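Peer 1: What follows is a protein structure lacking sequence information:
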C-alpha cells in the first residue's frame, strides 16, 4: 500500500493544482489505485510571504503553516510537502508541528543543482526577491560548494509574479522570465533553477541554451519516491534526475483537506 503525502497548498492555488497534475503524470498507472494518495490543504489564506518578507508588514505565516501541518498529519499523512519555495523559510516551524517527515525542496533542489553544475558551479535562481533576501538556498548551496546567482532586475521579477497571481501566465511575465534567465547566463550561471511556483507555470520561458530545472519537479519526484517506497526508507536522499520542463497531465485523484477560493494573496 502506498503512503499518503500531505500537501501544504494554496501558495498559490494554481501552482498547487500543477503539483497534483505532475504527481499524476509521474506515475505509470493502469488503474486509479496505482496513483499516489495525496491529502491537500488548499489554503490561499496563508498570510502573504511577500508582504511579510519584502514589504515588512502583514501577519506571520508560521502559525497558519503549523496548523496546516497538524491537520494533515491528523488526517493520515505519512509525510508532508509544500510546493511554495519562499514558504520553506518556515520549514522548521512545519517540522516542529508534526512527527512525520517533511520533504524539503531546498535540500533536494541544491542536490540536483550540484549534480548538474558540479562543485564550484554557479547556479542561477529564478525566484521571488524574498528568496534572495532571506537567503533561502544560500547556506545549502555554499555547503555544497555552489554559488547562488540572482537576476539583477528584482522589481521586474516581483511584478511578473504578482501579474501571474492576478491574471495568470501571459506574454509579459514570460518576457520577464526570459530576460532574467538571459541575465543569469550572462553572469556565468547557465545552470538555473526555477524556484517560484508562479514561474513553474511558464518553464518554457527560460532563455535558449540554459540548463534549467524546476524545483517543483524535484519535489514531485520526492513525493512519488516516498509514496511508493518501503516503510523503512527515508526521503532524505534526492530521487534520480529527470528531464527539466516536464509537462502536467489532466487532473487526477486528490483529497482536499480545505478548499479555499482561487485567489492567491502571494
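Peer 2: The structure has been received and is ready for your questions. It should be emphasised that the depicted structure is a prediction, and the values quoted were computed from it without experimental measurement.

Peer 1: residues near residue 27, how many?
Peer 2: Residue 27 has 17 neighbouring residues, counting by other Cβ atoms under 10 Å. C-beta: built from backbone N, CA, C; applies to glycine.

Peer 1: Sort out which residues of the longest helix seen in the chain are buried, please.
Peer 2: Scanning the chain for the helix with the most residues, using DSSP state H, yields helix 171-186. Burial within helix 171-186, assessed by neighbour count using 16 or more other Cβ atoms under 10 Å, is assigned to 173, 174, 176, 177, 178, 179, 180, 181, 182, 183, 184, 185.

Peer 1: Can you name the residues that contact the fifth one?
Peer 2: Looking back up the chat, that one is residue 178. 205, 206, 207 (Cβ atoms under 8 Å, 6 or more residues apart in numbering).

Peer 1: Tally up the residues packed near the second one, please.
Peer 2: It stands for residue 206. Count around residue 206 with other Cβ under 10 Å applied: 28.

Peer 1: That one reaches residue 194, doesn't it?
Peer 2: Yes: using Cβ atoms under 8 Å, residue 206 is in contact with residue 194, at 7.3 Å.

Peer 1: any common contacting residues for those two?
Peer 2: In contact with both residue 206 and residue 194: 126, 212, using Cβ under 8 Å, 6+ apart.

Peer 1: wait, isn't residue 126 in contact with residue 200?
Peer 2: No: Residue 126 is beyond contact range of residue 200, at 9.9 Å (criterion: Cβ under 8 Å).

Peer 1: closest to residue 143 among the buried residues of helix 171-186?
Peer 2: Using Cβ to Cβ, residue 184 is the member of these that sits closest to residue 143, with 21.2 Å.
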